[in-house]
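Asker: predicted model follows, preceded by the sequence.
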Amino acid sequence: MIDLRSDTVTKPTEEMRRAMFEAEVGDDVYGEDPTVARLEKLAAQQLGKEAALFVTSGTQGNQIAVLTHCQPGNEVLLEEDAHIFYYEGGAISAFAGVQTRTIKGDRGAISPNDLRKAIRGDDVHFPETGLICMENTHNRAGGAIVPIENMKEVYELAAEHKIPVHLDGARLFNAAAALGVSVDQLAQYTTTVQICLSKGLGAPIGSIIAGSQSFIDRAKKWRKRLGGGLRQVGVIAAPGIIALTKMADRLYEDHERAKQLAEGISNIDELNVVNRVDTNIVVVDTSSLGIAANEVLEKLHAEGVLAVPFGADTIRLTTHHHISNSDIDHVLSVFNKLFGKVIQ
């Protein structure tokens with residue numbers, strides 16, 4: 001199977017597996033795991049923050065950030081298709097007792113003017129705006145990059161109102177690779193940031209949240225409350241170090257293959273690529289085929305290609321480090337075989 005469902009399906013490299021086997025470990029709840037300490041120090045340096053904390057997943061990292069920043073009854077402002085709102089099970093309401101207020105964005109980017117209107121005034125009837133969240137790259141916008149200038153404007157507006165900004169940077173390294181900048185140039189316009197060590201970076205598990213030392217000190221208690229205090233966790237932190245030091249430089253390959261895939265699919269009369277492919281995600285409108293997206297996926301599966309639904313009439317394909325140029329060629333041959341005549 002050529003698995004294009006997500007970059008979460010990646011498996012650890014041989015170097016990562018060796019690092020897991022050889023990792024020096026200790027009890028991390030006591031702060032005694034040297035491998036975790038190295039990972040957290042490295043991540044903080046790369047992200048330009050004072051401190052960092054290893055967590056089990058991106059969702060856990062995002063939830064810890066909301067819990068640490070907010071008080072029950074606060075309102076969190078975020079783009080209407082943000083992962084925190086769309087794909088995390090309503091956790092910020094269930095755990096933090098906050099409500100969300102979503103803002104329609106442009107390819108995942110919130111207009112500062114719309115954001116300014118959404119920030120609550122000082123009125124007994126209103127919840128306080130406790131946090132503003134951004135997402136870069138933006139998953140449901142098709143891996144779109146939120147421009148640095150937009151991030152800067154949002155951050156400066158938040159600072160005017162003394163509101164913290166949290167970045168869901170699950171694929172922040174993809175954004176940095178596509179823009180040709182270091183991740184700290186993006187993370188500078190955040191109070192806190194979460195990055196996934198899995199996905200494009202290829203580690204088998206784990207994420208990082210980073211911010212000020214005082215934030216991380218408070219976040220550790222929320223990690224403990226959520227059951228995230230782990231023991232000899234260096235065995236899963238070790239591949240995270242390799243992810244940060246060895247895997248970011250190859251992300252452009254995934255982006256090139258996604259663009260190659262999108263170009264080939266666009267040449268099929270019955271299919272339409274609906275996103276501008278900035279990074280490693282391709283979203284395809286299949287409505288002209290006259291069948292539901294799930295049926296399209298079944299046909300692809302029968303030919304050895306895996307993808308996921310992204311709506312009733314759209315599917316998503318995601319490239320990653322297990323996908324080669326020959327895989328892309330084969331996937332395009334399958335699409336052409338199944339779904340129509342190539343435009344000449």
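Answerer: Yes, it's here.

Asker: which residues are contacting the helix or strand in which E156 is found?
Answerer: E156 belongs to helix 148-160 when assigned by DSSP states H and E. Helix 148-160 is contacted from outside by 109-110, 112, 115-116, 119, 132, 134, 136, 164-165, 167, 179, 181, 185-186, 189-191, using Cβ atoms under 8 Å, 6 or more residues apart in numbering. Glycine gets a C-beta too; all of them are placed from N, C-alpha and C.

Asker: looking at those, which are in strands?
Answerer: I132, M134, V165, L167 (DSSP state E).

Asker: contacting residues for the closest residue to N174 other than its chain neighbours?
Answerer: Leaving aside its sequence neighbours, N174 sits nearest to T279 (Cβ to Cβ, 6 or more residues apart in numbering; 4.3 Å). Applying Cβ under 8 Å, 6+ apart to T279 gives the contacts 137, 143-145, 171, 174-175, 177-178, 251, 254-255, 258.

Asker: which among the ones in strands among the contacts of helix 148-160 end up buried?
Answerer: I132, M134, V165, L167 (16 or more other Cβ atoms under 10 Å).

Asker: does the third one touch Q188 like I think?
Answerer: It stands for V165. No: using Cβ atoms under 8 Å, V165 is not in contact with Q188, being 10.9 Å away.

Asker: contacts only, for the residue lying closest to E303 once chain neighbours are set aside.
Answerer: Once flanking residues are discounted, E303 sits nearest to V334: 4.5 Å by Cβ to Cβ, 6+ apart. Applying Cβ under 8 Å, 6+ apart, we find V334 in contact with L300, E303, G304, V305.

Asker: I'd guessed the second one sits against K337; true?
Answerer: Looking back up the chat, that one is E303. Yes: using Cβ under 8 Å, E303 is in contact with K337, at 7.2 Å.

Asker: H320: neighbour count?
Answerer: With neighbours defined by other Cβ atoms under 10 Å, the count for H320 comes to 23.

Asker: report pLDDT for it.
Answerer: The confidence metric pLDDT takes the value 98 at H320.

Asker: I'd assumed A141 was in a helix, is it?
Answerer: No: A141: not assigned to a helix; according to DSSP: H, G, I helix; E, B strand; the rest coil it is coil.

Asker: next, give phi and psi for it.
Answerer: Torsion angles at A141 (phi, psi; degrees, to the nearest 10) stand at phi -90, psi 10.

Asker: got it, and the one 4 residues further on?
Answerer: Backbone torsions for I145, taken as degrees, to the nearest 10, come to phi -90, psi 120.

Asker: could you count how many residues lie near it?
Answerer: For I145, the count of nearby residues is 24 (other Cβ under 10 Å).

Asker: how near is it to R257?
Answerer: 17 Å (Cβ to Cβ, to the nearest Å).

Asker: and what of D249?
Answerer: As judged by Cβ to Cβ, D249 and R257 stand 16 Å apart.

Asker: who has more neighbours, these two?
Answerer: Neighbour count, other Cβ under 10 Å: between D249 and R257, R257 has more, with 21 against 10.

Asker: my guess is that one contacts I328. True?
Answerer: Yes: counting by Cβ under 8 Å, R257 touches I328, with 5.2 Å between them.

Asker: common neighbours of those two, please.
Answerer: Residues touching both R257 and I328 by Cβ under 8 Å, 6+ apart: T319.
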